[in-house]
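Asker: just need the structure, nothing else, for what follows:
(4 chains)
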2 protein chains.
Amino acid sequence: MNDSGGNAERKRPRRPSQERTSQRDPERTRAAILEAATREFAENGMGGARVDAIAERAGTNKRMLYHYFGDKEQLYLKVLEEAYVGIRTAERALHIGDRSPEEGIGELALFTWRYFLQHPEFLSLLGTENLHRARWLRQSIRLKELHSHLIGELSEVLEQGKKQGVFIETADPLNVYLTIASLGYFYLSNQYTLSTIFGRDLIEPTHLNAWERHIVHVTLASIKR
Amino acid sequence: MNDSGGNAERKRPRRPSQERTSQRDPERTRAAILEAATREFAENGMGGARVDAIAERAGTNKRMLYHYFGDKEQLYLKVLEEAYVGIRTAERALHIGDRSPEEGIGELALFTWRYFLQHPEFLSLLGTENLHRARWLRQSIRLKELHSHLIGELSEVLEQGKKQGVFIETADPLNVYLTIASLGYFYLSNQYTLSTIFGRDLIEPTHLNAWERHIVHVTLASIKR
DNA sequence: CCATCAAGTAACTGTTTAGTTACCGGCTTG
DNA sequence: CAAGCCGGTAACTAAACAGTTACTTGATGG
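Answerer: Numbers count the residues shown, from 1 in each chain, chains lettered A, B, ... in the order given. Below you'll find the model as predicted:
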């Protein structure tokens, strides 16, 4: 019905073939799309992110995006998975069991805070995923074992501290991690509304450093005997 | 140009006028739209919320929504403002200065946790607003003074505690509030990803109660001498 | 008892969006 | 050295969307 121009011959849009530095590089294109998608999803959420915007940011076009990642949802899941792999990988390199229990926990708190500070896009992605009740993360089975290492190592450090009599007996590994993550996550992810309603610029270096010390202080105060 | 059907007479879509319980009630319609909008924005964020969906949830139509609230952005801001008024109003009724300093802080921690627990839509709205860097909240001037009361009252309680020698001298009102809010906000707003990756159902009553006690414990441990 | 205005309805419009299709061209390999 | 595959482009399409318009209904005061 709306087939404007009923003639059979279809005009093909013969491109002018102007001298282009085409440089085919699948890996680079793929990586560029993933990075552009990370930024776009972090800035606008799943609902607000635009596929066209991702393609443009990556210096390519939608066709390649669908070619490599299937569709918007699969691309989003890939971005989320990579973000988790990023923090858990960096965390493993810490080896918090190598120091005294107290230093180990302090080290983990400092690392987590600084990682959050340097990776705001990770916090944004978590926020978006939780808005949707982990709808996409739930589909990712391979991620489960990624996080068990953290709890295992943390558990060992706490046990050692209890044996040495420096930590209280009720200290729980998941609770300790949630405490550390809470204090870092809320301060950073909610900095915009907090700065607005309380009239204090939370991202200023002085306040940032004070909060870093505060996190370590609170975490240790909550488990020390 | 695209004026399909060149005849001057316009077909008017004469509605069948079937027995309807129309009940005109501006206040109720307005309130219904606001409540429907709160749920829709909380569930889908600013980008994901649909104006049609809000109208349908409210049992009315888009025309009324635009009539009462201007446009989608103004409606969203109204929803956000009302959410803040809600928690700050309930907070004022606490009068944390009436008890001992230690009890007062514990009371505030408990209240905040329980309010967050009972108002998940408030947490969602905060998350959405922060994703957009407080873009809409910043436009709301009248909200600034709403929050100063909280910090003022909290400050008095801390000072009293310091005089009595039960709190450390470095205890800061904003830091204390941020600590309480962090521990409540993160646990609830990130419960979906956390439950998924750590394989523990955080919303289960047992764990919920344990975390409530944990918040009070951590908050007090961080400021007690 | 009718003129007026506010409450309310539903179809419409221009734009944006995710996803698709038709086509191009350089590199590898049989 | 040609054939076809893979990386790449741009225009297209159907659906969804925010916002508008043309119109109806009911209440009220002069």
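
Asker: run through chain A and note the low-pLDDT ranges.
Answerer: Residues of chain A that meet the criterion pLDDT under 70 lie in A:1-24.

Asker: wait, does the top helix by length along it make contact with DNA strand D?
Answerer: Counting residues, the longest helix found in chain A (DSSP state H) is helix A:26-48. Yes - interface with DNA strand D: helix A:26-48 contributes A:P26, A:R28, A:T29 (CB under 7 Å from any atom of the strand). Where you see a C-beta, it was placed from the backbone N, CA and C, and this is true even at glycine.

Asker: so which elements touch that helix?
Answerer: Counting contacts by 3 or more CB pairs under 8 Å, 6 or more residues apart in numbering or on different chains; DSSP states H and E, helix A:26-48 is packed against helix A:51-57, helix A:62-69, helix A:72-92, helix A:120-131, helix B:26-48, helix B:120-131.

Asker: what are the buried residues along that helix?
Answerer: A:29-30, A:32-48 (16 or more other CB atoms under 10 Å in any protein chain shown).

Asker: got the CA positions of stretch A:104-112 in PDB?
Answerer: Included here for stretch A:104-112 are C-alpha records, laid out as PDB according to Å, rounded to 0.1, in the frame of the first residue of the first chain:
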ATOM      1  CA  GLY A 104      44.000  -7.300  55.300                       C
ATOM      2  CA  ILE A 105      40.500  -6.000  55.900                       C
ATOM      3  CA  GLY A 106      41.700  -2.400  55.700                       C
ATOM      4  CA  GLU A 107      43.400  -3.200  52.400                       C
ATOM      5  CA  LEU A 108      40.100  -4.700  51.000                       C
ATOM      6  CA  ALA A 109      38.200  -1.600  52.100                       C
ATOM      7  CA  LEU A 110      40.700   0.800  50.500                       C
ATOM      8  CA  PHE A 111      40.800  -1.200  47.300                       C
ATOM      9  CA  THR A 112      37.000  -1.400  47.000                       C
END
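
Asker: and it, anywhere near chain B?
Answerer: No - residues of stretch A:104-112 contacting chain B under CB under 8 Å from any CB of the partner chain: none, with a closest distance of 11.9 Å.

Asker: can you list the residues that contact that stretch?
Answerer: Here stretch A:104-112 makes contact (CB atoms under 8 Å, 6 or more residues apart in numbering or on different chains) with A:90-91, A:94, A:96-99, A:154, A:157-158, A:161, A:176-177, A:180-181, A:184, A:212, A:215-216, A:219-220, A:223.

Asker: so for that stretch, what gets flagged as buried?
Answerer: A:G104, A:I105, A:G106, A:E107, A:L108, A:A109, A:L110, A:F111, A:T112.

Asker: one more: stretch A:165-174?
Answerer: A:V166, A:F167, A:A171, A:P173, A:L174.

Asker: out of the residues you listed, name the ones that lie in helices.
Answerer: Per DSSP H, these map to helices at A:P173, A:L174.

Asker: how many residues are close by A:I203?
Answerer: As a burial measure, A:I203 scores 12 neighbours (other CB atoms under 10 Å in any protein chain shown).

Asker: residues contacting it?
Answerer: A:Q191, A:S195.

Asker: for it, helix, strand, or coil?
Answerer: coil (DSSP: H, G, I helix; E, B strand; the rest coil).
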